[in-house]
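1. how would this look folded up:
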Amino acid sequence: MASGGKKSFRNSLKESLTGFKKCSLKKTETKVTTAGGESFIESHDEDGKTVSKKTVGQTYGFVGWGIPDMQVGEILPGLLLSSQDVACDQETLLNYNVTHILNVASFVDEHFPRNFTYKSMKMDDHPDFQISQKFEEAFSFIDQGRVKDTGVVLVHCNAGVSRAATVVIGYLMSREGMTLQHAYGHVKDKRPAIRPNDGFQSQLKVYGEQLKRQR
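-> The predicted structure is shown next:
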């Protein structure tokens, strides 16, 4: 570009920036859906601050096509495995005689605290997350719920595929003396959708080796 052209371009750019007015920008809105399925509309006010408004209704955060996953895996007497959708449906919980709920999901509230005993544990569905370090705390809660003759514990994450499944598999290995292969196959038979992420599967393998040395 010739020197005259460069000068003309700089002058034009300077004029554009000088005449810029923030009010001339078009307002935009962004729809955000959390892992728990809640939807928000985010926009910016005149000062540039983010304004978030919750939309009416709720979608299903981790279930495709907006269809709730209501399949309940009956793992053992007093131990169930499911997605978040079951934990949000009181009628289903009552039908399965649930008394305790172990929630390892992201952004899922304890919906019925007056009706069930809850324990919420933060677990990330990421291969690097050390889920095995949470096992004993989770297992103790399951034990407490099942110790009563009528106690039934539901373990759920968001999709009921990775985190909750890993906890339940580990529980069978620890409390029922199952091998990883046996425990995985048993849970898979009761809830076919399970698929712990690769990192969790590696941790379960190491956990199985630790249990074997202790016995």
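2. Could you use CA atoms for every contact and neighbour count after this?
-> OK.
3. okay, and for this structure, where does confidence drop off?
-> 1-66 (pLDDT under 70).
4. Buried residues, stretch 115-132. List them.
-> Neighbour-count burial for stretch 115-132, with 16 or more other C-alpha atoms under 10 Å as criterion, is recorded at 116, 117, 118, 119, 120, 123, 124, 125, 131, 132.
5. Same question for stretch 199-214.
-> By 16+ other C-alpha under 10 Å, the buried positions in stretch 199-214 come out as 199, 200, 201, 203, 204, 207, 208.
6. again with stretch 169-186
-> 169-174, 177-180, 183-184, 186.
7. how about those residues in CSV, adding secondary structure and distance to residue 69?
-> Listed next are the buried residues of stretch 169-186 as CSV, based on DSSP: H, G, I helix; E, B strand; the rest coil; distance: C-alpha to C-alpha, whole Å:
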residue, secondary structure, distance to residue 69
169, helix, 20
170, helix, 23
171, helix, 23
172, helix, 24
173, helix, 26
174, helix, 28
177, coil, 30
178, coil, 28
179, coil, 28
180, helix, 26
183, helix, 23
184, helix, 20
186, helix, 20
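8. which of those lies closest to residue 144?
-> Set against residue 144, the nearest of the buried residues of stretch 169-186 by C-alpha to C-alpha is residue 171 (13.1 Å).
9. Strands of the chain, start to end?
-> Per DSSP state E, the chain carries strands over the ranges 30-33, 39-44, 50-54, 73-76, 79-82, 100-103, 117-120, 153-156.
10. Show me the domain layout of this structure.
-> Here the domain parsing of the chain from the TED database is 25-64, 72-214.
11. hey, which of those is tucked in deepest?
-> Across the domains of the chain, averaging neighbours per residue (mean count of other C-alpha atoms under 10 Å) puts domain 72-214 on top, at a mean of 18.
12. Need the distance between the two termini of that domain.
-> 33 Å (C-alpha to C-alpha, to the nearest Å).
13. for stretch 169-188, same thing?
-> 9 Å.
14. Show me the contact partners of that stretch.
-> For stretch 169-188, the surrounding residues in contact (C-alpha atoms under 8 Å, 6 or more residues apart in numbering) are 73, 75, 135, 139, 165, 168, 194, 204, 205, 207, 208, 211.
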